[in-house]
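Engineer: Could you work out the structure for the sequence below:
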Amino acid sequence: MTQHYFLKTAAIFTFSSLAIAFGALIYFGYQDYTHPKHVYGRWIELGVPSYQTEILVLNSDGVFRNQRLIATKFDFDGKQVTIETGDGSSIYKIAGTHNSPRLKRIAPDYMTQSFIKEGYEGTVKSHSAGSTTSRRNALAEHFGNK
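Structural biologist: Reported below is the predicted structural model:
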């Protein structure tokens, strides 16, 4: 009876330890997945003339639009960035690829905006802002990926 009890206790302990380790792995993996560091940086608007290009900066200090602080924090759930300002909520969806990260505004939807992370501008076809062709290409890329 002692050996049977010992084996049963060892099996329960081993199973419990594995379950706790697996749960911790899932928890910490999710925490890393939803950490805002994945969207930190300068995001440059696509498809507009250079004099109208909007620069969105996301960092630990908050959200800056064209070098002006618009929010002291933002929420990131791994797929979307939500920014609360005095004008309401803006929601940006993570898009593009690992080699060409993009943000696309999905709310409010009165004006379509698409951003690319600074340093990846060369991955966009016809990025020379100001031309009608680049605006058309940016819109085609935006609506083609939905």
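
Engineer: quick check: longest helix of the protein.
Structural biologist: helix 2-33 (DSSP state H).

Engineer: Show me the shaky parts of this protein.
Structural biologist: Judged by pLDDT under 70, the chain has its weakly predicted residues at 1, 126-138, 145-146.

Engineer: show me where it has helices.
Structural biologist: Using DSSP H, the helices assigned to the chain run over residues 2-33, 132-144.

Engineer: starting at the chain centroid, how far to the longest one?
Structural biologist: Mean-position distance between helix 2-33 and its chain equals 33 Å (Cα atoms, centre = their mean, to the nearest Å).

Engineer: for it, packing partners?
Structural biologist: Of the remaining helices and strands, none touches helix 2-33 by 3 or more Cβ pairs under 8 Å, 6 or more residues apart in numbering; DSSP states H and E. For glycine as for every other residue, the C-beta is placed from the backbone atoms N, C-alpha and C.

Engineer: for the chain, which strand is longest?
Structural biologist: When the chain is parsed with DSSP state E, its longest strand is strand 88-97.

Engineer: Which strands border it, and is each parallel or antiparallel?
Structural biologist: As defined by DSSP bridges, the strand partners of strand 88-97 come to strand 80-85 (antiparallel), strand 100-107 (antiparallel).

Engineer: roughly how far apart are Tyr120 and Ser100?
Structural biologist: Taking Cβ to Cβ, to the nearest Å as the criterion, Tyr120 is separated from Ser100 by 5 Å.

Engineer: Look at these two and report which has more neighbours.
Structural biologist: Between Tyr120 and Ser100, Tyr120 has the larger neighbour count (other Cβ atoms under 10 Å), namely 18 against 15.
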